[in-house]
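S.K.: what follows is a protein structure lacking sequence information:
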């Protein structure tokens, strides 16, 4: 199973991060423990959305899209 997730910083609500994982709960714990250099300075994080994909290539493509300007804009619009 492949999940693309979006988290939001509790301390800095304008900060979002999207990623790809096979274990959403573990990955959120990792972000909140500071194990990712990209998210450590904005912790703590909360999960705001996750999406399941059977096909890994589709999950990778969706995560890559969310990291583009238009993907970030779409995510923020849908999650407000």
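M.R.: Right, received. Where do you want to start? Source: prediction; values computed, not measured.
S.K.: hey, where'd the helices end up in this structure?
M.R.: 24-32, 56-66, 69-79 (DSSP state H).
S.K.: and these: which comes nearest residue 6?
M.R.: Among the helices of the chain, the nearest to residue 6 by CB to CB is helix 69-79 (5.7 Å). (Glycine included, C-beta is placed from N, CA and C.)
S.K.: rewinding a little: got a markdown table for the helices of the chain, with distance to residue 38 and mean neighbour count too?
M.R.: Converted to a markdown table, the helices of the chain look like this (distance: least, CB to CB, whole Å; neighbours: other CB atoms under 10 Å):
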| stretch | distance to residue 38 | mean neighbour count |
| --- | --- | --- |
| helix 24-32 | 9 | 16 |
| helix 56-66 | 13 | 15 |
| helix 69-79 | 14 | 12 |
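S.K.: right, so of those, which gets closest to residue 48?
M.R.: Among the helices of the chain, helix 69-79 sits nearest to residue 48 (CB to CB), with 5.3 Å.
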